[in-house]
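Participant: Structure, please.
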Amino acid sequence: MSEPVKTAQVTYGGAVPDAPDPIAEAHRQWSARWPEHADRMAAVTSVMRAQQLLLSMVEAALKPHGLTFAAYEALRLLAFTRTGTLPMGKVGARLMVHPASVTNVIGRLEQRGLVERRPSPDDRRVVLAAITPAGRELAEEATAALHEAEFGLPDLTPEQAAAITRALHTVRVSAGDVTGEPR
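Facilitator: Take a look at the predicted model:
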């Protein structure tokens, strides 16, 4: 059997050999063939790879708490509300996910006693997701873990993180996901 290949510290979807940057090589190839598109190709490929890496690091911080990032987001969203409840449709809209994904995540959290589903007292057709005391406690513990992991961005300054947010906001506006300037 051959020696294991040295890999990056954090990987997602398979190990990446410790070699020249594949995105830089793709940019070089693109520049030779389609130079007017090379920078955008490298930008989108970089964003996709960064998303894989960040998700891997965030989920590693959440794993000891038995949470995926999607489940954490749902718990944190409910914990942020004044009453600890939101209609299932609003959970999906605020998390920007399909209703089926919300049903799946809330169902798994409900099985663990972290969330309850109940009818709305104002409209029986509306189902509310409600965080339980155990869910609140876990949301706080998981938030502390993400703070300690610096959300997978320990080497960025706050200014660099804000610059990334602004740049990606421009992409989101261009795609019609949001409007206006970032707050």
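
Participant: what about the protein, any weak spots by pLDDT?
Facilitator: Across the chain, the ranges flagged by pLDDT under 70 are 1-18, 183.

Participant: tell me the domain boundaries of it?
Facilitator: By the assignment in automatic domain parsing, the chain contains the domains 1-63, 66-147.

Participant: of these, which approaches residue 166 most closely?
Facilitator: Taking CB to CB, domain 1-63 is the member of the domains of the chain nearest to residue 166, at 14.1 Å. (Glycine included, C-beta is placed from N, CA and C.)

Participant: Residue 165 versus residue 159, what's the distance?
Facilitator: With distances taken as CB to CB, to the nearest Å, residue 159 is found 11 Å from residue 165.

Participant: Pull out the buried positions in the host helix or strand of residue 32.
Facilitator: Secondary structure from DSSP states H and E places residue 32 in helix 22-33. Neighbour-count burial for helix 22-33 flags 23, 27, 30 (criterion: 16 or more other CB atoms under 10 Å).

Participant: from those, which single one is nearest residue 144?
Facilitator: For those, the residue nearest residue 144 by CB to CB is residue 23; the value is 33.5 Å.

Participant: My read is that the closest one contacts residue 45, right?
Facilitator: Yes: Residue 23 lies in contact with residue 45 (CB atoms under 8 Å); the separation is 5.1 Å.
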